[in-house]
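Visitor: Structure here, sequence nowhere to be found:
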């Protein structure tokens with residue numbers, strides 16, 4: 001099972017295996033407080049796409065399309081997370097973005113749920 005959670009929220013036992021899926025380390029967050037089991041930079045959107053998107057709601061649809069293309073182009077990164085789910089059960093995708101709806105993790109979560117259902 002995949003879930004998502006902001007890194008600034010308290011880590012809990014029910015989070016299971018916590019994977020940071022941002023390319024950059026979250027500001028002001030210590031490694032201890034973040035309680036990250038794995039930092040998967042490769043699954044995050046490219047630096048160019050992330051900068052272009054800039055968390056603008058009017059760009060989210062196009063951002064999602066381009067991010068899915070990036071995920072399609074890197075099946076090994078996707079497969080690594082699907083494999084982690086098989087090994088650990090619950091995988092919580094941890095991110096720093098403020099908006100829980102307009103961010104790459106929302107796209108990634110749906111993508112992974114489809115990939116693990118196959």
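Guide: Ah, there it is. Since the structure is predicted, the reported quantities are computational estimates derived from the model, not experimental observations.
Visitor: so where do the strands sit in this protein?
Guide: 2-6, 17-20, 38-39, 91-95 (DSSP state E).
Visitor: neighbouring contacts of the second one?
Guide: Meaning strand 17-20. Residues outside strand 17-20 that contact it (CB atoms under 8 Å, 6 or more residues apart in numbering) are 5, 7, 11, 26, 34-40, 81, 84, 87-95. Every residue, glycine included, has its C-beta placed from N, CA and C.
Visitor: could you redo the last one with a cut-off of 6 Å?
Guide: Strand 17-20 is contacted by residues 35-40, 88, 91-94 when judged by CB atoms under 6 Å, 6 or more residues apart in numbering.
Visitor: In the sheet, which strands lie alongside that strand, parallel or antiparallel?
Guide: Under the criterion DSSP bridges, strand 17-20 sits next to strand 38-39 (parallel), strand 91-95 (parallel) in its sheet.
Visitor: Looking at those strands, spot the one closest to residue 52.
Guide: strand 91-95 (17.9 Å; CB to CB).
Visitor: so that closest one versus strand 2-6, what angle?
Guide: For strand 91-95 against strand 2-6, the angle by axes from the mean of the first three to the mean of the last three CA atoms, to 10 degrees is 30 degrees.
Visitor: Where does pLDDT dip in the protein?
Guide: Applying pLDDT under 70 to the chain flags residues 118.
Visitor: Show me the helices in it, by range?
Guide: In the chain, the segments counted as helices under DSSP state H are 31-34, 47-53, 60-73, 75-88, 104-117.
Visitor: Just say which of these is most tucked in.
Guide: Ranked by mean neighbour count under mean count of other CB atoms under 10 Å, the helices of the chain are led by helix 104-117, which reaches a mean of 17.
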